[in-house]
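Undergrad: Structure here, sequence nowhere to be found:
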């Protein structure tokens, strides 16, 4: 941390006086993909890969941003945040500031320096880590400056961060990423109902196994990709199903049995496939949590495999890079399950691998992937960590 403080002062001047540090993690979703914005269940875990932000209040209404890996200074005015929507870097942070002010939080000018350990564009939700760390930092500095002494509400920070991504960045994301980044707990996954935000922390006991994340190293952008298109297709599917199931307020309200009975009313095959993925994936999450509670890792792995196959065939968000990683992972001894995680179109996979097979797993997948794709993947053996918080400096 001393090195980061020195770097902060090189960018912004001054001394250590008034500097505070905040952090928020990326996340890996163990199962439950593209269910969150359809009111369904998800099962994410916060990672030990995180974004750290050093923050110090200013005496004016300016907010200055810089990242240690970009070294591009963004200078903005808290009273004119609408002017910065189209900047290439910094819009997630300024969007959070904008939504906080609209929600009634009194912010102060500040200098912010980011160190990102969550790989950007990886599908591990680097954006949510940035948003949550920013939200906690801005509210904490504002509370201090205005004499407030109250804890920062992590659920509200998650909701405001999601709203910022919708309204400022233009990505209609679900709540899962921000919620996991804000509410994660060490060695637990979050069984989250995205319709009403009820949740349960479930211990993750993988005795003799490890969670291995493989990065395709193919960058993606939700705003430029098919994410919003998939969401619109799901809305069309719900509209069609409501003619037969009027009480359904979201796709996750539709039981598998009712879907099978009524799916013929969706004349568009693509819409029918999208709805089928969401409804069956929602059931897989419930089954996966039950399996994990029983210590049945074999069943958990099989459900992970089914999830990826559905994302590939019904939701069509995988692609050759993700499919290659998953296909090669499943060939290795000691792999219980492997699937894409995140929105897709690049990003990462998550696999459950027996500890004594880790080296063989990474060697095989690396060689096979590079032979097919032309460049190597990256591997992360991250643990499951805590959610967003302030880091004491003393």
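TA: Thanks, I have it. Computed from a predicted model, the values in this text were never measured in an experiment.
Undergrad: in this protein, which spans are strands?
TA: Per DSSP state E, the chain carries strands over the ranges 20-29, 41-42, 44-57, 62-67, 74-77, 110-116, 188-193, 199-203, 209-215, 335-341, 348-354, 378-380, 389-391.
Undergrad: Any stretches of the stretch 51-200 of the chain with poor pLDDT?
TA: Confidence mapping of the stretch 51-200 of the chain against pLDDT under 70 gives the ranges 149.
Undergrad: which residues in it form helices?
TA: Along the stretch 51-200 of the chain, counting by DSSP state H, counting those that start in this stretch, helices occupy 91-102, 126-145, 154-164, 176-183.
Undergrad: Would you mind getting the angle between the first one and helix 176-183?
TA: Using axes from the mean of the first three to the mean of the last three Cα atoms, to 10 degrees, the direction of helix 91-102 lies 70 degrees away from that of helix 176-183.
Undergrad: Counting neighbours, which bits of helix 91-102 end up buried?
TA: With burial defined by 16 or more other Cβ atoms under 10 Å, the residues of helix 91-102 counted as buried are 91-101. C-beta coordinates here come from the backbone N, C-alpha and C atoms, glycine included.
Undergrad: quick one: it to chain centroid distance?
TA: Relative to its chain's centre, helix 91-102 lies at 18 Å (Cα atoms, centre = their mean, to the nearest Å).
Undergrad: Next: the longest one.
TA: Centroid separation for helix 126-145 versus its chain: 17 Å, with Cα atoms, centre = their mean.
Undergrad: I'd like to check what contacts stretch 165-173. Which residues are they?
TA: 37, 85, 91-92, 94-95, 98-99, 127, 131, 162, 178, 222-223, 227-228, 231 (Cβ atoms under 8 Å, 6 or more residues apart in numbering).
Undergrad: ah, wrong one, I meant stretch 361-376
TA: Contacts of stretch 361-376 (Cβ under 8 Å, 6+ apart): 212, 214, 216-217, 320-321, 324-325, 328-329, 331-332, 334-335, 351, 353, 377, 379.
Undergrad: The same query, at a cut-off of 10 Å, please.
TA: By Cβ atoms under 10 Å, 6 or more residues apart in numbering, the residues outside stretch 361-376 that reach it are 210, 212, 214-218, 320-321, 323-329, 331-335, 338, 349, 351, 353-354, 357, 377-379, 381.
Undergrad: Average pLDDT for that stretch, rounded please.
TA: Mean pLDDT, stretch 361-376: 98.
Undergrad: Quick check: nearest residue in space to residue 11, chain neighbours excluded?
TA: residue 66 (5.4 Å; Cβ to Cβ, 6 or more residues apart in numbering).
Undergrad: ugh, typo on my part, it should be residue 244
TA: Nearest non-adjacent residue to residue 244, counting by Cβ to Cβ, 6+ apart: residue 262, 4.2 Å away.
Undergrad: okay but the one you found is in contact with residue 245, surely?
TA: Yes - counting by Cβ atoms under 10 Å, residue 262 does reach residue 245; the two are 6.4 Å apart.
Undergrad: so what sits against both of those two?
TA: residue 254.
Undergrad: how close does residue 281 get to residue 264?
TA: Counting by Cβ to Cβ, to the nearest Å, the separation of residue 281 from residue 264 is 21 Å.
Undergrad: Same question for residue 60.
TA: Taking Cβ to Cβ, one finds residue 60 at 63 Å from residue 264.
Undergrad: Now the top helix by length along the chain: buried residues?
TA: For the chain, the helix that runs over the most residues, judged by DSSP state H, is helix 269-293. If you call a residue buried by 16+ other Cβ under 10 Å, then helix 269-293 has these buried ones: 271-282, 284-286, 288-289, 291-292.
Undergrad: okay, the angle between that helix and strand 188-193?
TA: Angle between the axes of helix 269-293 and strand 188-193 is 130 degrees (criterion: the same axes, to 10 degrees).
Undergrad: Let the chain start at 273 from now.
TA: All right, first residue 273 from here; so that's helix 541-565.
Undergrad: now for helix 541-565, which elements pack on it?
TA: If you count contacts as 3 or more Cβ pairs under 10 Å, 6 or more residues apart in numbering; DSSP states H and E, helix 541-565 packs onto strand 313-314, strand 460-465, strand 471-475, helix 499-513, helix 528-534, helix 569-585.
Undergrad: Quick check: mean pLDDT of the last one?
TA: When you say that, I think you mean helix 569-585. 97.
Undergrad: Show me which positions of it end up buried.
TA: 569, 571-580, 582-584.
Undergrad: To residue 274, which of the helices and strands packed on helix 541-565 lies closest?
TA: When these are compared by Cβ to Cβ, strand 460-465 sits nearest residue 274, at 31.2 Å.
Undergrad: Does anything pack onto the closest one? Which helices or strands?
TA: Where contact means 3+ Cβ pairs under 10 Å, 6+ apart, strand 460-465 is packed against strand 292-301, strand 313-314, strand 316-329, helix 448-455, strand 471-475, helix 541-565.
Undergrad: Let's have those in a markdown table, adding distance to residue 509.
TA: As requested, those are arranged in a markdown table below (distance: least, Cβ to Cβ, whole Å):
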| stretch | distance to residue 509 |
| --- | --- |
| strand 292-301 | 21 |
| strand 313-314 | 18 |
| strand 316-329 | 24 |
| helix 448-455 | 20 |
| strand 471-475 | 26 |
| helix 541-565 | 3 |
